[in-house]
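Enquirer: Attaching a predicted model along with its sequence, questions to come.
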Amino acid sequence: MLPFIWLWFVLLNDLRMEWTVDPQYNYGWAVPFLCLYLWGRNIFNLKSGRRQPEIHLPQIPAFGFHFILIGLAFLYAPTRLIQEANPGWRLVSWALALEVIGLTLCLLRMRSGPVRFGFFTFVFPVCFFLVAVPWPTLLEGPLIQALTRMDVGATCELTNWLGIPAIPHGNVIEVATGAVGIDEACSGIRSFQATLMLSLFLGEFYRLGAGRRIICVLAGFLLALTLNLTRLSVLVWVAAHKGIPAIAGWHDPAGVIILLGCFFALWGIGRKLATINSQTEVLPSSPTNRNQTSETCFLTSAPNFIPYALAAWILLVETGVEGWYRYHEARLPAPVEWRVEWPTDNMTYKEQELAPITRQLLRYSDARYATWQEGSLNWQVIFVHWKPGTIAQRLAGEHTPQACLVAAGHKFIGGKELHYLTAQGLKLPFRFYQLTDTPQPVFEAYCLWDDRANTRSFEATRLSYAWRLPPVWAGLRNSGQRVIEIAVIGAQDSASAQVAIQNLLEKIISPIH
């Protein structure tokens, strides 16, 4: 059992951040419990003599399972080595999920004895976990764009037919009162993924045949498209009659209604497709059947050396991975940490909420955003902190103002040279930017700090293969990072803005000893 527990712990630990910060995959927290429920339910049905749906798969000899198990066990080593420096990388998550599920099924097959009927009792509950693994970006991105374009076109056609003029502009629908942006949630990808999970679960819950399970999945897809089109049409109607700001009060409730509508509709379809005979037919009681039942429960099977060998291999892999990174990290300096002392005694101090998409993109451990005024200067400060090992080392460098200001449509100058400002004995690396498309001059300073860096500098990066793999060879994982971004309004020029920021840092930066 120990190999099972550790393998699934590693997989769940890799996926938990995605399930937490990405609304599309929040349902992932429920999937492990659904897997356990289906597992327990199938064991109960098997022991009670209820007939299970017949599954016809090619027979694999025992040595074939041994070969697959050995191959998956060896692949686990490089996967863990890469995953340690790149937690949350979706390609690695899929590799890890397939390896853990494959090893689990191989061990179950070899421990379940010669009775194939019992082994298949566990196949679906184990494989069902794959619905909670985030889709690779290469697949998810084009699908989101395709669904968005389809939803925008269909919504404009429907609302025009209903007498509400609407013009599509890419991912935006223009109405008389303004523009309605279509985000990833509105594209329908969230409801599509949730209904896929639900339809697969209901197919197993009602023990439907393969054909009826396909019908259930297709019905879920059509329901998701239809209800999402209804949701977008309602949002466009609200924008046209009540103004763009009114959408905020309708956006999330409409999304919840879609998911509830899909759930109850799919539940009804599943019940309709299920046949009473296939659910309640009981195998005749016989000594042979009782023997099969006892043999198919892997917990009562005689132990063999394979689980112990796998446990030893996993221990060797985990020890080797940890040793690899610790060996290289021993050459790094001790961590230097600091925090922001917020001026909460300032009468104009006000905490601000970061947008949910910010957490989804940055995957930070904690963050804080505040604004206040001092004399003629207006300050906006964002402090973001990543604990060691929570993200890939280069993720923070992908979202510097140089990238984010362009994405937001701003024009700016600067950001090329690195400047060092001192505060409380710390030498902080900053890049300075000036927005050129605002009514008043806005100056920004951005600092990315690696707690255990050999040199205090940083540059904008992209999380491509070229940036993800070198930290593995160098034995570098995220040892803790923090970002402070300061915007000041009211400074006359960049020189006076830099002086003001230097003075502010002396007040708010506090080293952690």
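Expert: Here it is on my side, so go on. Just so it is clear, the structure is predicted and the values come from calculations on it, not from any experiment.
Enquirer: how about low-confidence regions in the stretch 151-300 of the chain?
Expert: 182-189, 251, 276-300 (pLDDT under 70).
Enquirer: Mind jotting down where the strands sit in it?
Expert: Under the criterion DSSP state E, counting those that start in this stretch, the stretch 151-300 of the chain contains strands at 167-169, 172-175, 178-181.
Enquirer: In JSON lines: these, plus distance to residue 241.
Expert: Bear in mind the C-beta positions are built from the backbone N, C-alpha and C, glycine included. Formatted as JSON lines, the strands of the stretch 151-300 of the chain follow (distance: least, CB to CB, whole Å):
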{"stretch": "strand 167-169", "distance to residue 241": "17"}
{"stretch": "strand 172-175", "distance to residue 241": "9"}
{"stretch": "strand 178-181", "distance to residue 241": "12"}
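Enquirer: Of those strands, which is nearest residue 27?
Expert: Nearest to residue 27 among the strands of the stretch 151-300 of the chain is strand 178-181; the distance by CB to CB comes to 24.1 Å.
Enquirer: Dump that closest one to PDB, restricted to CA.
Expert: Presented in PDB, the C-alpha positions along strand 178-181 are these (Å, rounded to 0.1, in the frame of the first residue of the first chain):
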ATOM      1  CA  GLY A 178     -20.400  49.400 -25.000                       C
ATOM      2  CA  ALA A 179     -18.300  46.300 -25.600                       C
ATOM      3  CA  VAL A 180     -18.900  42.900 -23.900                       C
ATOM      4  CA  GLY A 181     -15.600  40.900 -23.500                       C
END
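Enquirer: That one packs against which elements?
Expert: For strand 178-181, the packing partners by 3 or more CB pairs under 8 Å, 6 or more residues apart in numbering; DSSP states H and E come out as strand 172-175, helix 210-242.
Enquirer: I'd like the ones you listed written out as TSV, with mean neighbour count added.
Expert: Below are those laid out as TSV (neighbours: other CB atoms under 10 Å):
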stretch	mean neighbour count
strand 172-175	19
helix 210-242	19
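Enquirer: which stretch among these comes nearest residue 6?
Expert: Nearest to residue 6, of these and by CB to CB, is helix 210-242 at 32.2 Å.
Enquirer: Distance from the closest one to the middle of the chain?
Expert: 23 Å (CA atoms, centre = their mean, to the nearest Å).
Enquirer: pLDDT-wise, which helix or strand of the chain ranks last?
Expert: helix 287-296 (a mean of 41; mean pLDDT, DSSP states H and E).
Enquirer: what is the mean pLDDT for the helix or strand following it?
Expert: If you walk from helix 287-296 toward the C-terminus, the next helix or strand you reach (DSSP states H and E) is helix 305-329. For helix 305-329, mean pLDDT is 91.
Enquirer: Run through who's touching helix 305-329.
Expert: Contact with helix 305-329 is made by 2-3, 6-7, 66, 69, 73, 76-77, 80-81, 84-85, 103, 107, 110-111, 452, 474-477, 479, as judged by CB atoms under 8 Å, 6 or more residues apart in numbering.
Enquirer: swap the cut-off to 10 Å and go again
Expert: Helix 305-329 is touched from outside by 1-4, 6-7, 10, 65-66, 69-70, 72-74, 76-85, 103, 106-107, 110-111, 388-389, 452, 471-477, 479, with contacts defined as CB atoms under 10 Å, 6 or more residues apart in numbering.
Enquirer: which of the residues you listed count as buried?
Expert: Buried subset of those (neighbour count, 16 or more other CB atoms under 10 Å): 3-4, 6-7, 10, 65, 69, 72-73, 76-77, 79-85, 103, 106-107, 110-111, 452, 471-472, 475-477, 479.
Enquirer: separation between residue 146 and residue 140?
Expert: Computed as CB to CB, to the nearest Å, the residue 146 to residue 140 distance reads 11 Å.
Enquirer: Of these two, which one has the most company?
Expert: A count of neighbours by other CB atoms under 10 Å puts residue 140 above the other of residue 146 and residue 140, at 16 against 12.
Enquirer: ok, and the more buried one, which helix or strand is that part of?
Expert: helix 137-161.
Enquirer: what comes up buried for that helix?
Expert: By neighbour count on 16+ other CB under 10 Å, the buried set for helix 137-161 is 140, 144, 147-148, 151-152, 154-156, 158-159.
Enquirer: And for stretch 336-344?
Expert: In stretch 336-344, counting by 16+ other CB under 10 Å, buried: 336, 338, 340, 343.
Enquirer: okay, that stretch in CSV with CA atoms only?
Expert: Extracted C-alpha coordinates of stretch 336-344, given in CSV (Å, rounded to 0.1, in the frame of the first residue of the first chain):
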residue,chain,number,x,y,z
VAL,A,336,17.8,36.8,2.2
GLU,A,337,14.2,37.7,2.9
TRP,A,338,12.3,40.9,3.5
ARG,A,339,8.7,42.1,3.8
VAL,A,340,6.7,45.3,3.3
GLU,A,341,5.6,47.3,6.3
TRP,A,342,2.4,48.9,5.0
PRO,A,343,1.6,52.5,6.1
THR,A,344,-1.8,51.5,7.6
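Enquirer: Show the average pLDDT along it.
Expert: Per-residue pLDDT over stretch 336-344 has a mean of 94.
Enquirer: Now do it: distance to the chain's middle.
Expert: Relative to the chain's own centre, stretch 336-344 is displaced by 29 Å; criterion: CA atoms, centre = their mean.
Enquirer: what about residue 367, distance to residue 353?
Expert: Counting by CB to CB, the separation of residue 367 from residue 353 is 10 Å.
Enquirer: Check the secondary structure at residue 488 for me.
Expert: Under DSSP: H, G, I helix; E, B strand; the rest coil, residue 488 falls in the strand class.
Enquirer: partner residues bridging it?
Expert: Beta-bridge pairing for residue 488 (DSSP bridges): residue 379, residue 443.
Enquirer: give me the number of residues near it?
Expert: So residue 488, with other CB under 10 Å, has 22 neighbours.
Enquirer: what do you get for residue 384?
Expert: Residue 384 is flanked by 22 other residues according to other CB under 10 Å.
Enquirer: How about residue 443?
Expert: 23.
Enquirer: Quick check: pLDDT value at it.
Expert: Residue 443 is assigned 92 on the pLDDT scale.
Enquirer: ok, now which ones touch it?
Expert: By CB under 10 Å, 6+ apart, residue 443 lies in contact with 412, 414, 432-435, 486-491, 493-494, 496-498, 500-501.
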